[in-house]
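Trainee: Requesting a structural model of the entry that follows:
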Amino acid sequence: MWAEWSAATRGAIDPATERRRLWDIDVARLSVLDLRRAEALEALGTDLDALTGPRAPAQAVVGRARSLGAEGMLVPSAARRGAWNLVVFPGGFDRLGVGRGRNLRPRPPPSP
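Mentor: Okay, the predicted model is just below:
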């Protein structure tokens, strides 16, 4: 969570004062294409290297994923090597179950 937020804000927001609201989301009814699996990458005709660079090539696989029936994808994080994010396509929003939310002020991870 911290890496994605930090990359998205590009330092424009002071992390010491920023509060965030996190929600528990049930995705059990969502049809997800898991790009950690080689067969999913093969079905899309791509590889992880093509998905971790500029956004345009990575976003180009969305149409193919949707044609395969996916309502979302597990994709590599652009902000943190080895981490993964769930992307939900707009058509899948109504299949999400939104649970409890909470406010927090997460602390950044220790510097490497």
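
Trainee: Burial check on Val87, number of neighbours?
Mentor: 18 (other CB atoms under 10 Å). All C-beta atoms are positioned from the backbone trio N, CA, C, and that covers glycine.

Trainee: Also the one 5 residues further on?
Mentor: Residues within reach of Gly92, counting by other CB under 10 Å, total 18.

Trainee: what separates it from Thr52, distance-wise?
Mentor: Relative to Thr52, Gly92 is positioned 23 Å away (criterion: CB to CB, to the nearest Å).

Trainee: Which residue lies nearest the spatial centre of the chain?
Mentor: In the chain, the C-alpha closest to the average C-alpha coordinate belongs to Asn85, at a distance of 2.8 Å (CA atoms, centre = their mean).

Trainee: Could you double-check that that one lies in contact with Ser77?
Mentor: Yes: applying CB atoms under 8 Å as the test, Asn85 and Ser77 come out as touching, 5.4 Å apart.

Trainee: list the contacts for the closest residue to Thr46 other than its chain neighbours?
Mentor: In space, Thr46 comes closest to Val61 once its chain neighbours are excluded; the distance is 5.4 Å by CB to CB, 6 or more residues apart in numbering. Under the criterion of CB atoms under 8 Å, 6 or more residues apart in numbering, the contact partners of Val61 comprise 44-46, 51, 73.

Trainee: Show me what secondary structure element comes after the helix or strand of the chain with the lowest mean pLDDT.
Mentor: Of all regular secondary-structure elements in the chain, judged by mean pLDDT, DSSP states H and E, the least confident is helix 2-9 with a mean of 64. Sequence-wise, the next helix or strand beyond helix 2-9 is strand 20-26, with elements assigned using DSSP states H and E.
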